[in-house]
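S.K.: No letters, just coordinates:
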Ligand SMILES: [Zn+2]
């Protein structure tokens, strides 16, 4: 019993002393995103110490040498201080590309000065990466996809194809072959004079691009159709009741809001699914179109919404409206993995299937869904039944495709010849006959 009391008394006296002396040592922190040093890389250090600091200094150590890269010796009295400085080869030209270590030391104010130390291994990178692109002729069509192969050498953190403001990831070639490839799209609304490039960046501010050989056949570009969609009060009420059940006010204004703002939100949700993709081809046959279906609207149809003779809205329809019979079984277009299976605003009950490498198929307006997120599905597998949930006036399947989050025309992917010539042969992928 006495022993226990002695231990408790000792703890009561000693613990505060230890904590006090510990709390006087500055604690330093640098964002974990800092992993490279370039010519002049910004670095932010945060220092916490109760009585403030008397000085802070930063050093880069490389090959047994220590270079002072920054310092401040103005005492502060605040417990939390942040400083931003730059370090790199422009101020320390002795640094060489390769491994180095960044050390930051902060010394506290007060009678007993204590020095806190922080250190991280970094890579000095001043040489940009190098990119070499295949010499294939790439034919670009609005709303369509293509594939390019390339090599990247040197240090890089990110690479792929950039088309205007859209980027498409680089993937290591399948089957362990050297090099990379990107599946990319030339979006339906991309300005015709946009030049696609292969890019690589190294995270230290170096970004290199290399053009690919391409042709944009002006005369053979798809011509998008335009249609008037007549709205009646019954349809407007159906959409508003379903998609804005707690709203109030003018039904037409609410319909227009759904058609614009909710459409935009829903498309963002679809686009963000790009990150839920497999790094391999999950399929081996051409994509299939819903059997026996009539296409009631095709890709990038420009729709004018007419109400009582007036045009009240316009949207572009980025998919196919495929009708069969009411409540027909909705079939997966190809093998893949379900990455979304839930209501999605204007798309109603919606399923998204990932086929790997950022390629995904979208099925909307279903009356019922019988698959779950994470399920693997086979080509032709029924995933639920068609319907008219969301912004649909009759029973049909809204079928769409997206590549790295950019919606594309599905028709090329229904065509085994196109897949062989533009995709399969460039990455030694064996397309099986259907
Ligand atoms: Zn549709």
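M.R.: Arrived safely, thanks for sending. Quantities reported herein were computed from a predicted structural model and do not represent experimental measurements.
S.K.: For residue 295, see how far away the nearest residue to residue 317 once chain neighbours are set aside is.
M.R.: Nearest-residue entry for residue 317: residue 301, 4.4 Å, with adjacent residues in sequence omitted and distances by Cβ to Cβ, 6 or more residues apart in numbering. Bear in mind the C-beta positions are built from the backbone N, C-alpha and C, glycine included. Using Cβ to Cβ, to the nearest Å, residue 301 is found at 10 Å from residue 295.
S.K.: list the contacts for the residue nearest to residue 317?
M.R.: Listed by Cβ atoms under 8 Å, 6 or more residues apart in numbering, the contact set of residue 301 reads 224-227, 316-317.
S.K.: try 7 Å this time
M.R.: Contacts for residue 301 (Cβ atoms under 7 Å, 6 or more residues apart in numbering) come out as 224-225, 227, 317.
S.K.: likewise residue 310?
M.R.: Taking Cβ under 7 Å, 6+ apart as the test, residue 310 contacts no residue whatsoever.
S.K.: Next, count neighbours for residue 112.
M.R.: When counting by other Cβ atoms under 10 Å, one arrives at 9 neighbours for residue 112.
S.K.: ah, wrong one, I meant residue 349
M.R.: By other Cβ under 10 Å, the residues close to residue 349 number 22.
S.K.: Spatially, what comes nearest to whatever residue of the stretch 1-150 of the chain ends up closest to the ion if we skip its sequence neighbours?
M.R.: Closest approach between the stretch 1-150 of the chain and the ion, counting by Cβ to the ion: residue 143, at 15.0 Å. Nearest residue to residue 143, sequence neighbours excluded (Cβ to Cβ, 6+ apart): residue 188, at 3.7 Å.
S.K.: Same check on residue 27?
M.R.: residue 48 (4.7 Å).
S.K.: which residues does the one you found bridge with?
M.R.: residue 27, residue 80 (DSSP bridges).
S.K.: hang on, the earlier thing: so the residue of the stretch 1-150 of the chain closest to the ion versus residue 275, what's the distance?
M.R.: Applying Cβ to Cβ to residue 143 and residue 275 gives a distance of 23 Å.
S.K.: For these two, indicate the residue with more neighbours.
M.R.: Using other Cβ under 10 Å as the criterion, residue 143 and residue 275 rank with residue 143 on top: 23 against 11.
S.K.: residues in contact with the helix or strand hosting residue 267?
M.R.: In the assignment (DSSP states H and E), residue 267 maps to helix 263-272. With Cβ under 7 Å, 6+ apart as the test, helix 263-272 has contacts from 315, 344-347, 352, 362, 402, 405.
S.K.: quick one: which of these has the most company?
M.R.: residue 347 (28 neighbours).
S.K.: Quickly check: the host helix or strand of residue 361 near the ion or not.
M.R.: Secondary structure assignment for residue 361, by DSSP H and E: strand 359-366. No: Strand 359-366 lies apart from the ion when judged by Cβ under 5 Å from the ion; the minimum separation is 6.5 Å.
S.K.: In three-state terms, how would residue 239 be classified?
M.R.: Here residue 239 is recorded as helix under DSSP: H, G, I helix; E, B strand; the rest coil.
S.K.: Could you do residue 256 as well?
M.R.: At residue 256, secondary structure determined by three-state DSSP is helix.
S.K.: if we can go back for a sec, give the pairing partners of the strand holding residue 361; include direction for each.
M.R.: By DSSP bridges, strand 359-366 pairs with strand 349-354 (antiparallel), strand 397-403 (antiparallel).
S.K.: between the ones you listed, which one is nearest to residue 175?
M.R.: With Cβ to Cβ, the closest approach to residue 175 among those belongs to strand 349-354: 20.5 Å.
S.K.: Next, give phi and psi for the residue nearest to residue 317.
M.R.: When read as degrees, to the nearest 10, the backbone of residue 301 gives phi -70, psi 130.
S.K.: Verify the assumption that residue 425 is located in a helix.
M.R.: Yes: membership of residue 425 in a helix is supported by three-state DSSP.
S.K.: Smallest gap between this protein and the ion, at which residue?
M.R.: Closest residue of the chain to the ion, Cβ to the ion: residue 398 (3.4 Å).
S.K.: Leaving out the residues flanking it, which one is nearest to that residue?
M.R.: Leaving aside its chain neighbours, residue 398 sits nearest to residue 364 (3.5 Å; criterion: Cβ to Cβ, 6+ apart).
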